[in-house]
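Peer 1: sequence below, structure please.
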Amino acid sequence: MHPHLHVLVVEDSEDDMLLMLRELRQGGYTLDAVRVETPEEMQAALDRQAWDIVIADYTLPEFSAPEALRLLQRQQRDLPFIIVSGTIGEETAVAAMKAGAHDYITKGNLARLLPAVERELREAEERQKRQAAERALRESEERFRQLAENILESVFWMAEPLSAQVLYVSPAYEQIWGRSCESLYVNFIEWMEAIHPEDRQRVQTSFFEQALTGRYDEEYRVIRPDGSVRWIRDRSFPIQDASGNPYRVVGIATDITEKKHLETQFYRAQRLESLGTLASGIAHDLNNVLTPILAISQLLRLNESKLDTRSQEMLKVLEESAQRGANMIKQILTFTRGTSGERVPVQVAPLLQEVINVIQQTFPKSIEIQHNIPDCSSSDRSLWCVSADSTYLHQVFMNLCVNARDAMPDGGILSLSVEQCFADQAFTQTHLEAEVGDYVVVTVADTGTGIPLDVRDRIFDPFFTTKAPGQGTGLGLSTVLGIVKNYDGFLQVISEVERGTQVKVYLPAIEGVLTQFSYSEKQFDGNGSLVLIVDDDDAVQCITQTLLEEHHCTVLATNDGTEAIELYTQHQNEIRVIILDIMMPNMSGIELIQRLKEINPKVKIIAISGLPANRESALIAGANAFLPKPYTMENLLENLDKLITI
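Peer 2: Numbers count the residues shown, from 1 in each chain. Next up is the predicted model:
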């Protein structure tokens, strides 16, 4: 059964049209036919509906078959076009066919019309299918091209390993490899030549042996022409011919440099976490070691008048060294745990002078150190005070100085200064982290290499460093920023490549004159008060007992939590204060506090620990005070005095 057929007839004779339509109806077609005689009529018919075929007389009074054919071609309408005429010769017919007509039939031989129409309809259908397939292919290729050319972190490629030929590579190759696509088409092994020497043989072997099997999947490094290194994950998939044999591969090479950096940072963070755990354990043990050293030196100082000058000097060195060791442990814990310490009024100028003293002794002589530090001996000492922990501020300034030193490998000038600055409303509008008020400003400046503009925004990112591998962790400036922000301050960085860098540390100034610690251990007299000491470290227990007995306290001591509960139960009415360590075997200090509070909610407890991080948990459990080891004699006696007199 033939389909319904829409026929556009270009003919000036109604009778001739009817003869042609009769031939088609006899062939089984249902027809919808329109006759036109002019270009305008034909254009109107084309605009009105779709047509299956055009049958045209060669010559009309106002139109012709060649003109009708050109009209279709101008509008890119691919319709079967058959000329039916009795007025042209063979040469004209051949010319018409060359111009694009599909067939020529004489009006005297209309029997050929039906077969010609059927043939041309079949061919038109095939052309339409082919064109649709070609259009789909072009669209698919365009989608692939857009995908390949707009994904900049991956290179799409197609190659024939057996003939060592690259058939396609996406433009991202130029960005990732740093080489032109054209050069790769010319030299197939260029991409392999760019692979890091340590990876090249492995990748080359894998590619030629595994690519056609579908098992090629490698990670490797490429060295760009500028010397920078990128990490690549490259994998391919085989294409098979009609016989099912792989002959070509397509692949995708993805830049995973950032992923590798993140992995490195993750592993480094894990190492730091392990280091933090290790440091906590070491800090606890070292603080237990330093506690009796510091306490003994302070006990000996009570009889300082009986010592000669040399012995007094050695005693001072002993005490200062123990305190310095405690501060070093404190810094390690800050680095691994990220705390900001206990905030007290701190004079910045003397602290900065201590930093200068250290770097003058340790930095290369090729670095000239200049400083502008005000004299803090004046009566208005509050001008240079901030609320902070001196140990952590010391770390901030040292980190900045070390960075400045590293920026001047061939020497230069390192400048340090401190001044007071008032931030007004206009200043806060240009420095969003600032608030109106007084600031102490510490400036650390160098004449080094400077910070390139493209990395300036990343210098405070954790693990980001411009130093060579193994020469920097990328944690110095992030630690600086964290500490300064904890103290409600902010940083300002000004840098120019090959001219140097200036870092300003803004810390809020505090009001009120800095008061020195005025409590004297000689003021305390235990007057026979009973104190229970619970500490598993014999040295700490012994020196604490000696200290208290020196100040007329009566002491019970034990190194076990269970025994401590028994002692307290027996002497509950006599024991005025309990001094207990947080980290003990069998029963922790926290559990001991809770058990003692159950016996007597009003029991007075001083918790001590080699880990400052235990402060909060101890106070929450019910301790009245917390002292980090190694504590000074003054701190212990002051807290003891407060609790006994309550």
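Peer 1: which residues touch stretch 288-298?
Peer 2: Outside stretch 288-298, the residues that touch it by C-beta atoms under 8 Å, 6 or more residues apart in numbering are 315, 318-319, 322-323, 325-326, 329, 521, 537, 539-540, 542-544, 547, 610, 629-634. C-betas here are computed from N, CA, C, even on glycine.
Peer 1: just the buried ones from these, in PyMOL syntax?
Peer 2: Here is the PyMOL command that selects only those of those that count as buried (16 or more other C-beta atoms under 10 Å):
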select buried, resi 315+318+319+322+323+325+326+329+521+537+540+542+543+544+547+610+629+630+631+632+633+634
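Peer 1: now, the contacts of stretch 288-298 that are in helices?
Peer 2: The helices, defined by DSSP state H, take in 315, 318-319, 322-323, 325-326, 329, 539-540, 542-544, 547, 633-634 from those.
Peer 1: what sits against the residue lying closest to G100 once chain neighbours are set aside?
Peer 2: In this structure, G100 finds its nearest non-sequential neighbour in L69, 5.5 Å apart by C-beta to C-beta, 6 or more residues apart in numbering. Residues counted as contacts of L69 (C-beta under 8 Å, 6+ apart) are 56, 81, 96, 99-101.
Peer 1: for M20, same thing?
Peer 2: By C-beta under 8 Å, 6+ apart, M20 lies in contact with 9, 11, 55, 84, 110, 113.
Peer 1: next: V493.
Peer 2: Contact partners of V493, counting by C-beta under 8 Å, 6+ apart, are 451, 456, 459, 501-504.
Peer 1: mind listing the strands for the stretch 451-600 of the chain?
Peer 2: Applying DSSP state E, counting those that start in this stretch to the stretch 451-600 of the chain gives strands spanning 490-496, 500-508, 530-534, 554-558, 575-581.
Peer 1: which of those sits closest to Q353?
Peer 2: strand 500-508 (15.6 Å; C-beta to C-beta).
Peer 1: in that closest one, what's buried?
Peer 2: 500-508.
Peer 1: what of stretch 414-432?
Peer 2: Of the residues in stretch 414-432, 414-419, 423 count as buried by neighbour count, 16+ other C-beta under 10 Å.
Peer 1: now the residue nearest to G100: which helix or strand?
Peer 2: helix 65-74 (DSSP states H and E).
Peer 1: what does the helix or strand just after that helix contact?
Peer 2: Remark: after helix 65-74, the chain's next helix or strand is strand 81-84, criterion DSSP H and E. Contacts to strand 81-84, defined as C-beta under 8 Å, 6+ apart, come from residues 11, 16, 20, 53-58, 65, 68-69, 72, 93, 96, 100-107, 110, 113, 116-117, 120.
Peer 1: drop anything exposed from those.
Peer 2: Of the contacts of strand 81-84, these count as buried by 16+ other C-beta under 10 Å: 11, 16, 20, 53-58, 65, 68-69, 72, 93, 96, 101-105, 110, 113, 116-117, 120.
Peer 1: what about those, which are in strands?
Peer 2: Among those, the residues falling in strands (DSSP state E) are 53-56, 103-105.
Peer 1: switch these over to CSV; also include distance to A623 and pLDDT.
Peer 2: As requested, these are arranged in CSV below (distance: C-beta to C-beta, whole Å; pLDDT from 0 to 100):
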residue, distance to A623, pLDDT
I53, 101, 93
V54, 102, 94
I55, 107, 94
A56, 108, 93
D103, 107, 90
Y104, 111, 91
I105, 112, 91
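Peer 1: now the two most distant members of the residues you listed.
Peer 2: The distance between the two most remote of those (C-beta to C-beta) is 14.5 Å, for I53 and Y104.
Peer 1: from S85, how far out is the most far-flung residue of the chain relative to its centre?
Peer 2: The centre of the chain is farthest from one residue, G108, which by C-alpha atoms, centre = their mean lies 84.0 Å away. As for G108, its distance to S85 is 10 Å (criterion: C-beta to C-beta, to the nearest Å).
Peer 1: give me the mean pLDDT for the helix holding L69.
Peer 2: With pLDDT averaged residue by residue, helix 65-74 scores 92.
Peer 1: tell me which helix or strand in the protein has the weakest average pLDDT.
Peer 2: helix 309-337 (a mean of 69; mean pLDDT, DSSP states H and E).
Peer 1: quick one: G86 is in a strand?
Peer 2: No - judged by DSSP: H, G, I helix; E, B strand; the rest coil, G86 forms no part of a strand; its state is coil.
Peer 1: what about it, neighbour count?
Peer 2: Neighbour count of G86, defined by other C-beta atoms under 10 Å: 12.
Peer 1: surely it touches N109?
Peer 2: No - counting by C-beta atoms under 8 Å, N109 is not a contact partner of G86; they are 9.3 Å apart.
Peer 1: what is the burial count for the closest residue to I451 other than its chain neighbours?
Peer 2: Using C-beta to C-beta, 6+ apart and skipping residues adjacent in sequence, the residue nearest I451 is S495, 4.1 Å away. Counted with other C-beta under 10 Å, residues neighbouring S495 total 20.
Peer 1: also the one 3 residues further on?
Peer 2: Residues near E498, counting by other C-beta under 10 Å, number 8.
Peer 1: test my guess that it contacts T447.
Peer 2: No - E498 is beyond contact range of T447, at 9.5 Å (criterion: C-beta under 8 Å).
Peer 1: residue boundaries of the strands in the stretch 201-350 of the chain?
Peer 2: Remark: strands assigned in the stretch 201-350 of the chain by DSSP E, counting those that start in this stretch are 217-223, 229-240, 246-255, 344-347.
Peer 1: and those strands, which one's lowest on average pLDDT?
Peer 2: Among the strands of the stretch 201-350 of the chain, strand 344-347 scores lowest, at a mean of 86.
Peer 1: buried ones in that strand, by neighbour count?
Peer 2: Buried residues in strand 344-347 (16+ other C-beta under 10 Å): 345-347.
Peer 1: mind putting the residues you listed into CSV with distance to A242?
Peer 2: Below are the buried residues of strand 344-347 laid out as CSV (distance: C-beta to C-beta, whole Å):
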residue, distance to A242
P345, 86
V346, 82
Q347, 86
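Peer 1: where does confidence bottom out across the contacts of V493?
Peer 2: Minimum pLDDT across these falls on R456, with 69.
Peer 1: for G589, which non-adjacent residue is spatially closest?
Peer 2: G589 sits nearest to I582 (C-beta to C-beta, 6+ apart), 3.6 Å away.
Peer 1: and for the one you found, the neighbour number?
Peer 2: Counted with other C-beta under 10 Å, the neighbours of I582 add up to 25.
Peer 1: my read: it touches S609, true?
Peer 2: Yes - I582 lies in contact with S609 (C-beta under 8 Å); the separation is 3.9 Å.
Peer 1: find residues that contact each of those two.
Peer 2: 589, 618.
Peer 1: and F188, what does it touch?
Peer 2: F188 touches 159, 164-166, counting by C-beta under 8 Å, 6+ apart.
Peer 1: sort those residues by pLDDT and name the bottom one.
Peer 2: Lowest-confidence member of the contacts of F188: A164, scoring 83 (pLDDT).
Peer 1: contacting residues for it?
Peer 2: Counting by C-beta under 8 Å, 6+ apart, A164 makes contact with 188-189.
Peer 1: what of V36?
Peer 2: Contacts for V36 (C-beta under 8 Å, 6+ apart) come out as 8-10, 42, 44-45, 63.
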